[in-house]
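Engineer: Sequence first, predicted coordinates after that:
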Amino acid sequence: DRALTATGTQRPDLTGNPKLNSGRGRDQQMAGYFDPSFFVLPPLGSYGNSGRNSIIGPGNYNLDFALFKRLPVRESWQLQYRLEMFNGLNHANLGSPRSNISAARVGQIDTTSGPRIIQMGLRMTF
């Protein structure tokens, strides 16, 4: 607690523009999404000057969809075929960058979204 208030709402001091070029490749973004050298600990007894949410992580693209087909078997029986797809475009979404300036690997991204998942099923209702 650098501000000596025990409130837990402190932020670092911002000394420049930490944003890196957004046109960099995915591997480059994972290695360093922002430049942590522009964030420093504030002096003892004061709050930092950086704003809330001053670093926004990479965007997400996702497509989930499902197809259903009902097939009559008897008068009161139906068979339903289901096809469901999660992350249908198989796009790897990057997680949020590490933002604790005192931690190792600050600014790095070490999580991604899961792979494409396709599942099929049959459901009998009677």
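Structural biologist: Yep, it's here.

Engineer: The residue nearest the centre of the chain: what's it in contact with?
Structural biologist: The centroid of the chain falls nearest to residue 95 when counting by Cα atoms, centre = their mean (3.5 Å). By Cβ atoms under 8 Å, 6 or more residues apart in numbering, residue 95 lies in contact with 57, 109, 110, 111, 112, 113. C-beta: built from backbone N, CA, C; applies to glycine.

Engineer: so where's this structure uncertain?
Structural biologist: Residue ranges of the chain with pLDDT under 70: 1, 8.

Engineer: shouldn't residue 42 be in contact with residue 15?
Structural biologist: No. The criterion here is Cβ atoms under 8 Å, and residue 42 misses it with residue 15 at 11.0 Å.

Engineer: Could you report the neighbour count for the nearest residue to residue 76 once chain neighbours are set aside?
Structural biologist: Of all residues not flanking residue 76 in the chain, residue 126 sits nearest, at 6.1 Å (Cβ to Cβ, 6 or more residues apart in numbering). Residue neighbour count, defined by other Cβ atoms under 10 Å, stands at 8 for residue 126.

Engineer: Quick check on residue 118: phi, psi?
Structural biologist: Reported as degrees, to the nearest 10, the phi and psi values for residue 118 are phi -120, psi 130.

Engineer: Please apply the same query to residue 29.
Structural biologist: phi -70, psi -40.

Engineer: Which of the contacts of residue 95 sits closest to residue 33?
Structural biologist: residue 109 (5.5 Å; Cβ to Cβ).

Engineer: Report how many residues lie close to the closest one.
Structural biologist: Residue 109 has 19 neighbouring residues, counting by other Cβ under 10 Å.

Engineer: That one: helix or strand, and which one exactly?
Structural biologist: Using DSSP states H and E, residue 109 is not contained in any helix or strand.

Engineer: do the same with residue 67
Structural biologist: Residue 67 belongs to strand 65-72, assigned by DSSP H and E.

Engineer: How is the residue of the chain positioned farthest from its centre assigned, secondary-structure-wise?
Structural biologist: Farthest-out residue of the chain from its mean C-alpha position, per Cα atoms, centre = their mean: residue 75, at 48.1 Å. Using DSSP: H, G, I helix; E, B strand; the rest coil as the criterion, the local structure at residue 75 reads coil.

Engineer: Nice, that's everything, thank you.
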